[in-house]
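*Asks:* what follows is a protein structure lacking sequence information:
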């Protein structure tokens, strides 16, 4: 069967670090492998970097099935448009939408007459089953883990969701179709970057996070041999997208023994929790030789215990401080993110600034607490939300009226960003940034850095804010 897998380009990503994190569509690459294993013809288009019009891609590939990845609710408007374009080009095309956001909150795609079905959960098992069913003219209702569009425009499930996927049965990703985009993939100032996965899921229950709900609280591991094969196949800059790296000490030791046989990378970035690092210094020592430069991205979230408790983070601020110490002791770069609650007052900002200063944290980002659609938190605060435009759910817009006047909130939020390394008028100017990259990549890095200066402009946030001022009423 001829299948086209599509990574859409979000319509609006004006704020945040999105320009610094443009990574390959790894989920589609895993699905492509499973489809090819079963003899299907597969092409992948990353529309963030493909200059061709979508209609031209359809005309060239002539797919019978188009699978669109809607990973974040920000992708929903573009996903709807692409589905319409595909069906307008050929009414016989079967349009399937999958990905994290589509599965968690299919309501964001409701009303579309072009989307034939939505994939619930991971697609490595569902897409091959769907392709086989379509190819032999079988009943779509027999394919599990789908929402199928009915005649009245609603969706009905095809049956009980399947058990979580056993990653030991999943083959390494097929990167052949995205090789032409590889030079565009970047993380921070590293270009090009390859993306790697060793685990999926998270057993923790952070209030703001949708990962544990999507993966049903599971934590699963890829086969070490497959990880080793993939590690050896990628280039020198690697972003490991596991939600919590080093989650299982015994498993991490086993994987380290396998990967240490390989040639070290130039740079590796992993994401993890402070409690794991604080409790496993020996594990960090073992992993450090894997790369010349090795960075850790922490979900710091809050600079004090009460803030961590409110977010249901399950960590203590003493573990944050210890994790920073342990990481630096073994030569890791420390970066991460803090969440700014709209209910913060001026003393909360002062507390954060003091924490940043005392622990020399300037390579960090700041996001506004956002209830992502499909999470329990979204349902809990839904009555309080004043904005339901999905373009505003990028973790950098206000969705309800803040405790402070919104003008003052934005002033303090921007002042927080000014204390980061992204402030070109601060501790790291443009030329210092440009010296850290290949001269061929300098123009792109300069464009990214100039774009991020919006993070420090209160007027830019106020111009896009949909929250009325208190004096305007509701």
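*Replies:* Good, I have the coordinates. As the structure is a computational prediction, the values presented were derived from the model and not from experiment.
*Asks:* contacting residues for residue 203?
*Replies:* Residues in contact with residue 203, defined by Cβ atoms under 8 Å, 6 or more residues apart in numbering, are 212, 217-219, 247. Just so you know, the C-beta spots here come from the backbone N, C-alpha and C atoms, and that holds for glycine as well.
*Asks:* let's see that with 10 Å instead.
*Replies:* Residue 203 sits next to 212, 215, 217-219, 244, 247, 314 when contact means Cβ atoms under 10 Å, 6 or more residues apart in numbering.
*Asks:* what's the closest of the residues you listed to residue 121?
*Replies:* Nearest to residue 121 among the contacts of residue 203: residue 215, at 8.5 Å, using Cβ to Cβ.
*Asks:* select only the buried ones of the contacts of residue 203 in ChimeraX?
*Replies:* Selection of buried members from the contacts of residue 203 for ChimeraX, criterion 16 or more other Cβ atoms under 10 Å:
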select :212,215,218,219,244,247
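*Asks:* would you list the contacts of residue 203 in CSV and tack on pLDDT, secondary structure and distance to residue 330?
*Replies:* Below are the contacts of residue 203 laid out as CSV (pLDDT from 0 to 100; DSSP: H, G, I helix; E, B strand; the rest coil; distance: Cβ to Cβ, whole Å):
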residue, pLDDT, secondary structure, distance to residue 330
212, 81, helix, 29
215, 80, coil, 29
217, 84, coil, 31
218, 88, coil, 30
219, 91, strand, 24
244, 94, coil, 19
247, 93, coil, 19
314, 93, coil, 24
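*Asks:* just the contacts of residue 203 now: which is nearest residue 113?
*Replies:* Closest approach between the contacts of residue 203 and residue 113, by Cβ to Cβ: residue 215, at 31.0 Å.
*Asks:* check contacts around that closest one.
*Replies:* Shown in contact with residue 215 (Cβ under 10 Å, 6+ apart): 100, 121-122, 164-165, 200-203, 243.
*Asks:* redo that, cut-off 8 Å
*Replies:* By Cβ under 8 Å, 6+ apart, the neighbours of residue 215 are 164, 200-202.
*Asks:* for residue 87, same thing?
*Replies:* Residue 87 makes contact with 93, 95, 113-114 under the criterion Cβ under 8 Å, 6+ apart.
*Asks:* over to residue 128. Which of the three states is it?
*Replies:* For residue 128, the assignment made with DSSP: H, G, I helix; E, B strand; the rest coil gives helix.
*Asks:* if I look at it, how far off is residue 467?
*Replies:* 45 Å (Cβ to Cβ, to the nearest Å).
*Asks:* what of residue 407?
*Replies:* Residue 407 sits 11 Å away from residue 467, going by Cβ to Cβ.
*Asks:* highest neighbour count among the contacts of residue 87?
*Replies:* Counting neighbours by other Cβ atoms under 10 Å, the top entry in those is residue 95, with 24 neighbours.
*Asks:* who does the helix or strand hosting it pair up with?
*Replies:* According to DSSP states H and E, residue 95 maps onto strand 94-98. Sheet pairing here is set by DSSP bridges, and for strand 94-98 it gives strand 65-69 (parallel), strand 117-119 (parallel).
*Asks:* just put those strands in CSV and tack on mean pLDDT and distance to residue 2.
*Replies:* CSV is the format used below for those (pLDDT from 0 to 100; distance: least, Cβ to Cβ, whole Å):
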stretch, mean pLDDT, distance to residue 2
strand 65-69, 98, 7
strand 117-119, 96, 18
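*Asks:* just checking, which helix or strand of this protein averages the lowest pLDDT?
*Replies:* helix 211-214 (a mean of 84; mean pLDDT, DSSP states H and E).
*Asks:* what lies in contact with that one?
*Replies:* Outside helix 211-214, the residues that reach it (Cβ under 8 Å, 6+ apart) are 100, 103-104, 121, 201-206, 243, 374-376.
*Asks:* among the residues you listed, which are in helices?
*Replies:* Among the contacts of helix 211-214, the members falling in helices (DSSP state H) are 100, 103-104, 376.
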